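Engineer: Build me a model:
(chains A, B and C)
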Amino acid sequence: MNDSTKYNVVGTRLPRYDGADKVTGAAIYGVDVRLPGMAYGFVLRSPHAHARLLSMDVSRAEALPGVYAVVTAADLPPETEDTWRQYARDNTLASDKVLYVGHPVAAVAARTPALAEEAARLIAVEYEVLPAVTDVLEALRDDAPILHDDMRTQSLAGRGDKPSNVASHFRQLKGDPARGFAEADVIVEREFHTATVHQGYIESHAATAVWGDDGVLTIYTTTQGSFSVRDHVVGLLRLPMSNVRIVPMEVGGAFGGKNSSYVDVVAALLARKARHPVKVTMSRADVFLASGPSSGAVFRVKMGAKRDGHITALQAELFYAAGAYPGSPVGSGAGVMCGPYVIPNGQVDGYDVVTNGPRVGSYRAPGGTPANFAIETLIDELAEKLGLDPIEFRLRNHVREGDTQINGETHGSIGGIEVLEAARACAHYNAPLTGSHRGRGVAHAYWGNWGGRSSCILNVNGDGTVSLLTSSVDLSGTRTTIAMQAAEALELPPEWIKPNVGDTDSTGYADVSAGSRTTYATGIAAIKAAESVIAQMRARAAALWDVPVESVTYAHGVFAAGDELRFTFAALARQVTEAGGAITGVANVDVPEWGAGFSTQIADVEVDPETGKVTLLRYTVVQDVGKAVHPAMVEGQMQGGAVQGIGWALYEGYAYNDKGQMLNANFLDYKMPTALDVPGIETVIVEVPYPPHPFGVRGVGEPPIVPPPAAIANAIYRAVGVRPDHLPMTPAHLLEKLGVIGD
Amino acid sequence: MQPFVYQAPTSVGEAVALLVDPAHRARPFAGGTDLLVQMRRGLFMPGMLVDVKRIPELNRLTCDSGAGLTLGAAVSCAWLCDHPSVQRAYPGLIDAASRIGGAAIQRRATLGGNLCNAAPSGDSIPAMIVLGATATIAGPQGTRSVPIADFCTAPGKTVLGPGELLISIHFPVPAPHSGARYLRFIPRGEMDIAVAGAGAWLALSDDGSTITAARVALSAVAPTPLFVEAAGAALVGKTPTAEAFAEAAAIAQEAARPISDVRGTAAQRRHLVGVLTRRVLYGALQRAQGETIHD
Amino acid sequence: MTKTLVSATVNGEPVEFLCEPQQSLLECLRDILGLTGTKEGCNDGNCGACSVLLDGQLVNSCLVLGVEIAGRAVTTVEGLADWHGLHPIQQAFLDEDGFQCGFCTPGMIIATKALLDRQPDPTEEQIRTWLSGNLCRCTGYDKIVRAVQAASRQLNAASREVEA
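Structural biologist: Below is the predicted model of the structure:
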């Protein structure tokens, strides 16, 4: 089925099923939920980055008229067995220590938002303020403040013997790095520092909880995964899964940041105590301070190559700040760093380090962008020193199917070489770039993508239309791409399919809509559900016609047997609905393999050498998407991911003072790109079909965010001759590199 | 936001009466683009907001070649920037006024508010200083006039006394062969607060060979917008050359007292003062020579 | 705190509501009038998700007080489509895939309306400058700019038809 001429629906640019609701304001997002009798929650948060909670007095808050409930960690069931659940509990409401500014310590539900806030201010909290550490390298020092007294470093050697902020250390080794560097004709080595950045979704987190008199808890929430919220709520509140129903609302941006749950449990606790539905919304400042941004990181990387243009060795240390609790994406950072190239000898050390910041979450290709910035800067430098075109150098060293990476994983079917070749051939790469202080940079990236668990239900209606129900939350149009695949498999016009996203009571279990998996894995579920529908309908046709089921064919919307017997899909749907029982196709899948993505990006910049300001003149994203189910949405993913990466490159970063307080928790000083800061992003879609998917689909969303900082850094080098080594590459950083101002 | 009383008087007298009563803890309210944000952050908790947008004197813009420009304190930036006579006669003011926020902010923000907010980074203030503008203030004791250069006294502090209200800002008729320019440095293309900003105005002799008067003012490099009189004075009598501008820029750099904060470092700001001062002097020169420049 | 009775016109309909002076127009629209199409992204004027038209002028409704709109006219995203169907700007955003999550979209569409009302044929630079107060985190803006250009073409063609 990989012949694109065979597709009727896949590959077309349909209007989105949810489009009208999105352009008229009718779509209801998590923050829009209102229930009768609803009360409003307010979370009291720590003003300190690190402190012991000595005492808390909530009596004045409780006494305020109009206050329905006040909750603290004491309202949560105790947790002694599972360390990770203990972290989740403490991150919901702090018990003995606060570990970052914004750490929740108590919450209030009241008749109005203003009353809830006023009451929260009446809660007396006594803190013993402790020294704080937000920088990952400082957290490693022997005299650093220790966040968790019981934390010992986990490594291959076992468990460390003294308290440490290093939660874990891994080492990946391949070949003989010392010999590899000895063989090298050229060796480059640099240290890179990258700031914490935020996903920057425009809709904040919001949850509205209501308890039925039957003990059933319903939460309307903004999330990437209704079942992951259910698991979280059930784990912390110790409820039967069947008594918790999560209703995922429309999501106003997520990018990995809504994989984790922040206010659902608080809303549930407040609603139970208040005996009212309770809505808890995070402010923009709360979102910056207390959701799950990316890791700030430090890299020390050394790389060698021979004069013939082949890489001989890599040595890398990656230090990732995890925030308050362990779990940084240092492992996937290492994978991104080493994924695209054949590296015969390599040693990679990764450190997961806790710091006094919000617990990091996932951000689109977690851990990948900063690691790519480090490696692709060195790749560019090696290419320059070897006198090779940067794309040619990458092609000479590129991995192919079957190559094993330093981390031991083996590449499956990939299209990285095709992507680089398309980049080399594209109009942008071949256009002249003239003018002073201008430069063109290239970077290339690998991202693994994901498969995972998905569910799809197809209900055949009496008129032949099909209602599609999935548990995969739609972040950016996946209702449409899933329905398109169902329509293709059912050989029906797409307007006959009506896709919906269900709640946890009405759909099968699914993983979060993340890891670029939804169109891919839930698409497979939809195709399998469609195959089930067709099989059931063939059987029913066979019964009606009294012929063997093997003799019933289905093509182009028509069931047939022999020359005489024919049913259109709609006619058979009517028959079976009127008598014999309706048809429902269900598929629950756990997709074990997934197609990795590659993206090459080309940036033209102009640098003002007097101010350090970087202007993007032209930008192109080339990417292998396997098969573009909806090309316009694929372009949108490529453009949106690239612009997030551009923000990471040039503008965005958490700034902390020495007390661990964030100085820019707002959209004024946390600077995301505006429409004026980027050119129209050009796209080149490469389609190297991924065989395990019936239509060849690969994940699309994450790869494009990975290479922008490196592409821009390499362009800056071409423009003004200095190599930036900090993200964001601020004007001040460039002026320092240029020697215009002291650092 | 803390509760407050809202009043919308229709005369200056009424407004002053509301503002002067200490029991009201009143603040004037025009566009609200700074004030409401500051109130939400708990920086101010006024007991009353006095909406000045219904007072005629504050909602008037007159621009003519005989009397100059009189800008009511509640006139929005968009109103000012869209005004053809202002565009012709005061492009150096438009440089600054058009940079205060994006399109939506432009329709609410006012130069009066930008001035009274007295942020060190207030973009319009250096532009107003170099144009020689004066503020008209009404209060319980009557009306007085204050040069813009003297208006801001500290971050967030102004010369306004209890019950006093900024009514309007007056700009003199542009001198012949004169021009003004304002530039600021920000990381993004729009929507940012200045890391540093500079305004310049200069007038040329009839033959264009000599600078007869000049003024330089800076933003975001001192506790208040900074009028660097010495930088302008150094240019008087000089030929408008790169060397002369560099000398003035060096004086401006010397006068700057920048700090390091989340928006920039002190070293970066001091450096930018030099770059921006040279660039705005050059822009002011071009305008004085009758050229039209856009961003 | 005593509430004030505000009479205004919202989306062409007369409305009356009670609000407290500190409630923003955004809160009044969403929480009192139930018009949740206008979104809150930052509540300090830096994202544009709450854009509405006040007497035809683009404003951030988080920076306008509800009490200020007495006697004035407000247009929100809910006021654009009618029984004929989508407004041409809305149709253009749909046709050009000018949105992904859709959360900034009401503000983008309102800002676009304000732009095209004053400047029917803007350049790309003018579009990007005008929309710089409206953050979008999903699209990278390219398809939004294309949608504005398509809407401009559509509206100009329609007005030429009316003239002819």
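Engineer: thinking residue A:356 is in contact with residue A:324, fair?
Structural biologist: Yes: Residue A:356 lies in contact with residue A:324 (C-beta atoms under 8 Å); the separation is 6.9 Å. C-betas here are computed from N, CA, C, even on glycine.
Engineer: Tell me which of those two has more neighbours.
Structural biologist: Taking other C-beta atoms under 10 Å in any protein chain shown, residue A:356 and residue A:324 do not tie; residue A:356 has more neighbours (30 against 26).
Engineer: anything in contact with each of residue A:356 and residue A:324?
Structural biologist: Residues touching both residue A:356 and residue A:324 by C-beta atoms under 8 Å, 6 or more residues apart in numbering or on different chains: A:99, A:100, A:147.
Engineer: And those residues, which is closest to residue A:334?
Structural biologist: residue A:147 (23.3 Å; C-beta to C-beta).
Engineer: State the pLDDT value of the residue nearest to the closest one when sequence neighbours are not counted.
Structural biologist: With sequence-adjacent residues excluded and distances taken as C-beta to C-beta, 6 or more residues apart in numbering or on different chains, residue A:147 is closest to residue A:354, at 4.8 Å. Looking at residue A:354, its pLDDT is 98.
Engineer: How about the contacts made by residue A:354?
Structural biologist: Going by C-beta under 8 Å, 6+ apart, residue A:354 touches A:99, A:139, A:147-148, A:151, A:165, A:167, A:321-326.
Engineer: Chain B versus the closest residue to residue A:519 other than its chain neighbours, what's the distance?
Structural biologist: Using C-beta to C-beta, 6+ apart and skipping the chain neighbours, the partner closest in space to residue A:519 is residue A:481 (4.2 Å). Per C-beta to the nearest C-beta, to the nearest Å, residue A:481 is found 33 Å from chain B.
Engineer: element containing the spatially most central residue of chain C?
Structural biologist: Residue closest to the mean C-alpha point of chain C, counted by C-alpha atoms, centre = their mean, is residue C:110 at 2.3 Å. Taking DSSP states H and E as the criterion, residue C:110 maps to helix C:105-118.
Engineer: helix or strand for the residue lying closest to residue B:140 once chain neighbours are set aside, which one?
Structural biologist: Leaving aside its chain neighbours, residue B:140 sits nearest to residue B:163 (4.6 Å; criterion: C-beta to C-beta, 6+ apart). Under the criterion DSSP H and E, no helix or strand holds residue B:163.
Engineer: wait, residue B:163 sits on residue B:19?
Structural biologist: Yes: look at residue B:163 against residue B:19 with C-beta under 8 Å: they come within range, at 4.8 Å.
Engineer: what's residue A:270 in contact with, if anything?
Structural biologist: So residue A:270 contacts A:39, A:41, A:68, A:69, A:71, A:107, A:108, A:109, A:209, A:278, A:280 (C-beta under 8 Å, 6+ apart).
Engineer: mind listing what the residue in the stretch 151-295 of chain B that chain C sits nearest to touches?
Structural biologist: Scanning the stretch 151-295 of chain B for the residue nearest chain C gives residue B:190, at 4.1 Å (criterion: C-beta to the nearest C-beta). By C-beta under 8 Å, 6+ apart, the residues touching residue B:190 are A:674, A:676, B:99, B:102, C:129, C:132, C:133.
Engineer: again with residue A:378
Structural biologist: With contact taken as C-beta under 8 Å, 6+ apart, residue A:378 is in contact with A:188, A:189, A:190, A:301, A:303.
Engineer: Let me have those in TSV, extended by pLDDT.
Structural biologist: Below are the contacts of residue A:378 laid out as TSV (pLDDT from 0 to 100):
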residue	pLDDT
A:188	98
A:189	98
A:190	98
A:301	98
A:303	98
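Engineer: before we move on, the earlier item: farthest-apart pair in the contacts of residue B:190, please.
Structural biologist: Using C-beta to C-beta, those span at most 13.6 Å, a distance reached by A:674 and B:99.
Engineer: mean confidence for stretch A:232-240?
Structural biologist: Stretch A:232-240 carries an average pLDDT of 97.
Engineer: what's that stretch in contact with?
Structural biologist: Residues outside stretch A:232-240 that contact it (C-beta under 8 Å, 6+ apart): A:76-77, A:79, A:85, A:88-89, A:92, A:217, A:219, A:241, A:244, A:246, A:260-261, A:264-265, A:268-269.
Engineer: hmm, try it at 10 Å
Structural biologist: Stretch A:232-240 is contacted by residues A:75-79, A:82, A:84-85, A:88-89, A:92-93, A:207, A:209, A:215-217, A:219, A:221, A:223, A:225, A:230, A:241-244, A:246, A:260-262, A:264-265, A:267-269, A:272 when judged by C-beta atoms under 10 Å, 6 or more residues apart in numbering or on different chains.
Engineer: cool, and stretch B:247-255?
Structural biologist: When contacts are defined by C-beta under 10 Å, 6+ apart, stretch B:247-255 is touched by residues B:198, B:200, B:202, B:211, B:214, B:216-218, B:221-222, B:226-235, B:238, B:241, B:269-281.
Engineer: how about it: buried residues?
Structural biologist: Counting neighbours by 16 or more other C-beta atoms under 10 Å in any protein chain shown, one finds that the buried residues in stretch B:247-255 are B:247, B:248, B:249, B:250, B:251, B:252, B:253, B:255.
Engineer: Could you dump the residues you listed into a markdown table with pLDDT added?
Structural biologist: Shown next, in a markdown table, are the buried residues of stretch B:247-255 (pLDDT from 0 to 100):
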| residue | pLDDT |
| --- | --- |
| B:247 | 98 |
| B:248 | 98 |
| B:249 | 98 |
| B:250 | 98 |
| B:251 | 98 |
| B:252 | 98 |
| B:253 | 98 |
| B:255 | 98 |
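Engineer: Tell me which two of those residues sit farthest apart.
Structural biologist: The span of the buried residues of stretch B:247-255, defined through C-beta to C-beta, is set by B:247 and B:255 at 13.1 Å.
Engineer: Quick check on the residue in chain C that chain A sits nearest to: phi, psi?
Structural biologist: Relative to chain A, the nearest point of chain C is residue C:37 (2.0 Å; C-beta to the nearest C-beta). The phi/psi pair for residue C:37 (degrees, to the nearest 10) reads phi -60, psi -30.
Engineer: Skipping adjacent residues, who's closest to it in space?
Structural biologist: Closest to residue C:37 by C-beta to C-beta, 6+ apart is residue A:25, at 2.0 Å.
Engineer: That neighbour and residue C:78 touch, don't they?
Structural biologist: Yes: with contact defined as C-beta atoms under 10 Å, residue A:25 counts as touching residue C:78 (5.1 Å).
Engineer: what's the overlap in contacts for the two?
Structural biologist: Here residue A:25 and residue C:78 have C:35, C:36, C:37, C:38, C:106 as joint contacts, going by C-beta under 10 Å, 6+ apart.
Engineer: Now do the third one, the pLDDT please.
Structural biologist: Okay, so that is residue C:37. Reported pLDDT for residue C:37: 98.
Engineer: and it, how far is that from residue A:30?
Structural biologist: From residue C:37 across to residue A:30, the span is 15 Å (C-beta to C-beta, to the nearest Å).
Engineer: ok so, going back, reformat the buried residues of stretch B:247-255 as TSV; add distance to residue A:115 and secondary structure.
Structural biologist: Shown next, in TSV, are those (distance: C-beta to C-beta, whole Å; DSSP: H, G, I helix; E, B strand; the rest coil):
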residue	distance to residue A:115	secondary structure
B:247	62	helix
B:248	57	helix
B:249	55	helix
B:250	58	helix
B:251	56	helix
B:252	52	helix
B:253	52	helix
B:255	51	helix
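Engineer: Right, I'll call it a day here.
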